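A.B. asks: here are the coordinates; sequence isn't available:
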């Protein structure tokens, strides 16, 4: 079953600082936030990368933070990603001005595990972001011969379902219902 929820912009009553605080919490109601280079709030959401990508306008420059979880319970790993989105339609002057705000925005958004600079939607697909997290992550006790990848789409879907259940009362729903038992199949319902 696919889950739909309103974003912060659609709710209209969510403030930037509250949304950012929720993203920085391991199980907060929001798991992504986008800001203009002047820190004016664009939007926040709870359905991760596929939802966020819908708000990346080709003629805009945004900074954002994204929380990705992998696994659940005591096996959960959480990573925060800094995003600098510069759509293909952004002019050179606007791009240069916005890029000049990068350091200040990183400071405001807080520590992250991975930085991503993107200009096209292909740079911010779920699989592309998970791949960057996987390459940047060092897991205690990692065994290169381990059969199970801790940073897989299945582990992401498991964590997203846990997050959605934790925030179900906030959104007034039942959370994300994984179907078929496999995260990849469930990811298809979300994507």
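C.D. replies: Cool, got the structure. A quick note: this is a predicted structure, and the numbers were derived from the prediction, not measured.
A.B. asks: C-alpha only now, for contacts and for neighbours.
C.D. replies: Will do.
A.B. asks: What is the neighbour count of the nearest residue to residue 118 once chain neighbours are set aside?
C.D. replies: Distances taken as CA to CA, 6 or more residues apart in numbering put residue 85 closest to residue 118, at 5.0 Å, once the chain neighbours are dropped. Residue 85 has 28 neighbours, counted by other CA atoms under 10 Å.
A.B. asks: Identify the bridge partners of residue 85.
C.D. replies: residue 62, residue 118 (DSSP bridges).
A.B. asks: I'd guessed it sits against residue 62; true?
C.D. replies: Yes: judged on CA atoms under 8 Å, residue 85 makes contact with residue 62 at a distance of 5.0 Å.
A.B. asks: which neighbours do the two share?
C.D. replies: Each of residue 56 lies in contact with both residue 85 and residue 62 under the rule CA atoms under 8 Å, 6 or more residues apart in numbering.
A.B. asks: ok, back up a step: next one: the residue nearest to residue 118, what pLDDT does it get?
C.D. replies: pLDDT recorded at residue 85 is 97.
A.B. asks: who touches it in this structure?
C.D. replies: With contact taken as CA under 8 Å, 6+ apart, residue 85 is in contact with 56, 60-64, 117-119.
A.B. asks: how about these in CSV, adding neighbour count?
C.D. replies: Output for these, formatted as CSV (neighbours: other CA atoms under 10 Å):
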residue, neighbour count
56, 21
60, 20
61, 26
62, 25
63, 26
64, 26
117, 13
118, 18
119, 20
